[in-house]
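In: sequence? don't have it. structure:
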């Protein structure tokens with residue numbers, strides 16, 4: 001019998017000062033609302049401004065936004081395997097928290113789907 005695992009999560013890092021990040025918000029809303037993708041938006045700074053930006057696009061997106069860490073935004077990105085520590089940045093995660101794919105650059109629906117598919121085809125940990 002196969003055990004059903006939770007679906008992977010698409011984790012997107014966001015700052016309201018990042019223009020490409022703001023431009024990808026409608027794409028994120030589309031994949032959540034149409035595809036049912038599990039999403040987490042990691043706010044890096046300016047929480048109220050970031051939440052206002054996100055809420056203008058989708059209340060659903062605001063619900064999956066996490067408060068900023070006490071760490072500097074660049075440090076948060078580096079710890080998430082963004083080797084340059086700059087935005088835009090996203091990654092797909094297995095339920096264990098292990099990253100399957102990372103992406104630097106503006107997300108598209110197709111790119112987000114490919115990142116999540118990488119988790120489905122990832123070898124299971126032993």
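Out: Yep, it's here. The shown structure was predicted, so the numbers you read here are calculated from the model rather than taken from an experiment.
In: For this protein, which segments count as helices?
Out: Assigned by DSSP state H, the chain shows helices spanning 19-23, 25-35, 47-57, 59-63, 73-79, 109-120.
In: Go through the ones you listed and name the closest to residue 90.
Out: The minimum distance between residue 90 and these falls on helix 109-120, with 6.9 Å, by CB to CB. C-beta: built from backbone N, CA, C; applies to glycine.
In: For residue 97, find the nearest of the helices of the chain.
Out: Nearest of those to residue 97, taken as CB to CB: helix 109-120 at 11.4 Å.
In: Please list the outside residues in contact with the closest one.
Out: The contact list for helix 109-120 (CB atoms under 8 Å, 6 or more residues apart in numbering) reads 7-8, 10, 27-28, 30-31, 35, 37, 90-94, 100-101, 103.
In: low pLDDT regions in this protein?
Out: Where the chain drops to pLDDT under 70, the residues are 1-5, 122-126.
In: go again using 50 as the cut-off
Out: Along the chain, segments meeting pLDDT under 50 span 1, 126.
In: Could you check how far the residue nearest to residue 35 when sequence neighbours are not counted is from residue 43?
Out: Spatially, and ignoring its direct neighbours in sequence, residue 35 is nearest to residue 113 (7.3 Å; CB to CB, 6 or more residues apart in numbering). Distance, residue 113 to residue 43, by CB to CB, to the nearest Å: 24 Å.
In: the more surrounded of these two?
Out: Each of residue 113 and residue 43 has its neighbours counted (other CB atoms under 10 Å); residue 43 has more, 22 against 15.
In: tell me the contacts of residue 71?
Out: By CB under 8 Å, 6+ apart, the neighbours of residue 71 are residue 79.
In: swap in residue 68?
Out: Contacts for residue 68 were tallied using CB under 8 Å, 6+ apart; they are 43, 44, 45, 46, 47.
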